[in-house]
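J.: Kindly return the folded structure for what I paste below:
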Amino acid sequence: MKCMNCGYVTQKDSCVMVSETLDHPSGKGFINLMQKCQICSRLGLLKLFPGCSLPLSREVSVLGDFTPVMEMEYEGLEPVDLSFGHGWVVNSLVGGKLHPINLANEREVGFYFDGQVEYSVSNVQTKLVRSKRNSL
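T.: Residues are numbered from 1 along each chain as shown. Below is the predicted model:
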């Protein structure tokens, strides 16, 4: 995370999960991360917006295009890098749901419960694009 006040970039990773929420300091709703800058003490807030993702299809993958998987908004501290971890779930557009997968692995391969459809997730790349919701 990079402080938007003094520019300091923390050396420590921050883990943010949709399932972990905090009350917003102003009392208006919730956020997913609250963290102070280690240098200037500026308060940073980050909120995730689940349900804003688009399906990652084979066609999009072959073209090398990016697909939004999470929308976030931040204030005070800005994410400078992103890495996926555990807790992601793959859903089929034709039905069926998988157990959570760990996208931190270089390659994730598995089968749907009925054993009929194989999936593969590999070469996961990230791109940060700031939300313009202004809800913080």
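J.: all helices of the protein, in order?
T.: Secondary structure of the chain (DSSP state H): helices at 58-63.
J.: Do I have it right that A104 meets S83?
T.: Yes - counting by CB atoms under 8 Å, A104 does reach S83; the two are 6.6 Å apart. Using the backbone N, CA and C atoms, a C-beta is placed for each residue, glycine as well.
J.: The residue lying closest to G44 once chain neighbours are set aside bridge partners, please.
T.: Sequence neighbours aside, L77 is the residue nearest to G44 in space, at 2.6 Å (criterion: CB to CB, 6 or more residues apart in numbering). Beta bridges link L77 to C3, judged by DSSP bridges.
J.: How about the contacts made by the residue minimising distance to the centre of the chain?
T.: In the chain, the centroid-proximal residue (CA atoms, centre = their mean) is M70; its distance is 5.0 Å. Each residue near M70 by CB atoms under 8 Å, 6 or more residues apart in numbering is listed here: V18, L48, F49, P50, C52, S53.
J.: Pull out the buried members of those residues.
T.: Neighbour counting with 16 or more other CB atoms under 10 Å marks L48 as buried within the contacts of M70.
J.: so who does S19 touch?
T.: By CB under 8 Å, 6+ apart, the contact set of S19 is G87.
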